[in-house]
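1. Would you be able to build a 3D model of this:
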Amino acid sequence: RSWKEKIAALQVEVNNREELIQELKVERKSRSAALQQQLFGQFRMLNYRKEVKTLCDIFSQTVHKTPPAGAGECAAPKLLQQAYLHGWKPIAMAEFWWGNSPKAEIRHHGYYYPACKGKCEPILQHMLQGLEVEENPMLQLPEQGYGKLKIVYEDEWLLVVNKPSGMLSVPGKGEKESVYSLARQLYPEADGPMIVHRLDMATSGLLIVAKNKKVHQHLQAQFKNHTIRKMYIALLDGIIPQDEGTIELPICPDPLDRPRQVVDMEYGKPTITHYQVLERRDKCTRIAFHPHTGRTHQLRVHAAHPSGLHCPIIGDELYGRKDKRLYLHAESIEFTHPADGRIIRITEKADF
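-> Numbers count the residues shown, from 1 in each chain. Now for the predicted structure:
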């Protein structure tokens, strides 16, 4: 009994100390945030019109309302600030990565990258005011006019189409052609969401479209249970030595640079891809990807990240270098037919 009383008394003391520690942590966080905001208020960013805004002013118009850590410390804002202070007119500027890639982000030595959306882009939107600048290529949409979708397979319950590179799977911002909008035109009487799964706008290949809600639910369940098999063909920007293997990486969105994904051992969701090299030629590798999970940009990250193949897909402007197109194509898909249980396997060869 005496030991229990001693332990109880000590536990009370421990609890009091832990409570004090927690209070100090909260106070430290509050003081740190206040100091950081004070420092951000000292960053007086110019533009070509000689207009001045602090970082706090600039980021007050963003979703998060406050500057993120490290804001204003990147090369582009510093170079522009020095130019304006000396009365110089910037003519052109490009930023490229030098050295090894960070562990989480994907960066390649000597590759050019745009400003990140969460940190530098708001600052540059202010600092470039007064200059004649080209339209942001990341916001330019491909021209309309794909015409009819190529239907690779069709029956009374569903169809499988070949989505061209550059077309959205579902409508985005603005009035833009998508697989959904074209499918809705073809089948105005169809009920339900129709689009069973998605491909990135830059990726071409096979998409399943359901003609009614029940079929849509059945196919979605197959995706959820990982019973649908898909194969992608890609061209990689370089030669990889291994012939086949499996890549497993935890990935999640970069909160400061969407839609870019990062590898995050703490918050990332598991992703698995099996690959087979098909051909090596002209400093590029033709490869088949068999994804076992279906996260955003999974194959693109698995190809480009140093812990993956460290060899980005040709034409990947987010994780590699821009080209005529992203050389990634969903070439085959295998699923169980919702109506009669048949195994359906559809193939549409890549045009590269």
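2. Could you report the neighbour count for the nearest residue to Ala83 once chain neighbours are set aside?
-> In space, and not counting its chain neighbours, Ala83 is closest to Pro90: 5.2 Å by Cβ to Cβ, 6 or more residues apart in numbering. Quick note: C-beta positions are derived from backbone N, CA and C, even for glycine. Using other Cβ atoms under 10 Å, Pro90 has 16 other residues around it.
3. So which residues of this structure form helices?
-> Ranges of helices within the chain are 2-42, 55-59, 75-85, 120-127, 179-186, 213-224, 298-304, based on DSSP state H.
4. among those helices, which is the most enclosed?
-> Ranked by mean neighbour count, these are led by helix 298-304 with a mean of 26 (mean count of other Cβ atoms under 10 Å).
5. Going by contacts, tell me the helices and strands next to that one.
-> On a contact count with 3 or more Cβ pairs under 8 Å, 6 or more residues apart in numbering; DSSP states H and E, helix 298-304 meets strand 229-236, strand 244-253, strand 261-263, strand 269-281, strand 284-291.
6. What are the neighbouring residues in contact with Ala339?
-> Asp155, Trp157, Val215 (Cβ atoms under 8 Å, 6 or more residues apart in numbering).
7. Just put the residues you listed in TSV and tack on pLDDT and distance to Cys311.
-> Output for the contacts of Ala339, formatted as TSV (pLDDT from 0 to 100; distance: Cβ to Cβ, whole Å):
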residue	pLDDT	distance to Cys311
Asp155	97	39
Trp157	97	40
Val215	98	38
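8. closest to Lys4 among those residues?
-> Val215 (65.0 Å; Cβ to Cβ).
9. pretty sure the residue nearest to Ala83 contacts Gly130?
-> No. Judged on Cβ atoms under 8 Å, Pro90 makes no contact with Gly130 at a distance of 10.4 Å.
10. Between these two, which contacts overlap?
-> By Cβ under 8 Å, 6+ apart, the residues touching both Pro90 and Gly130 are Tyr48.
11. So what touches stretch 111-119?
-> With Cβ under 8 Å, 6+ apart as the criterion, stretch 111-119 contacts 64, 68, 70-71, 74, 76, 94-97, 107, 121, 124, 138, 254-258, 320-321.
12. In PyMOL, how would I select just the buried ones from those?
-> In PyMOL syntax, the buried subset of these is picked out as below (16 or more other Cβ atoms under 10 Å):
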select buried, resi 68+71+74+76+97+107+121+124+254+256+257+320
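13. Return the set of buried residues in stretch 264-281.
-> For stretch 264-281, the neighbour count (16+ other Cβ under 10 Å) marks Asp264, Gly268, Thr271, Ile272, Thr273, Tyr275, Val277, Arg280 as buried.
14. quick one, phi psi at the closest residue to the fourth one other than its chain neighbours?
-> Residue nearest to Ile272 in three dimensions, not counting chain neighbours: His292, with 4.1 Å by Cβ to Cβ, 6+ apart. Dihedral pair for His292: phi -100, psi -10, per degrees, to the nearest 10.
15. Repeat that for the one 3 residues further on.
-> Backbone geometry at Arg295, expressed as degrees, to the nearest 10, gives phi -80, psi 160.
16. and it, how many neighbours?
-> 21.
17. so how far is Tyr327 from the nearest residue to it once chain neighbours are set aside?
-> In space, and not counting its chain neighbours, Arg295 is closest to Thr271: 4.9 Å by Cβ to Cβ, 6+ apart. According to Cβ to Cβ, to the nearest Å, Thr271 and Tyr327 sit 20 Å apart.
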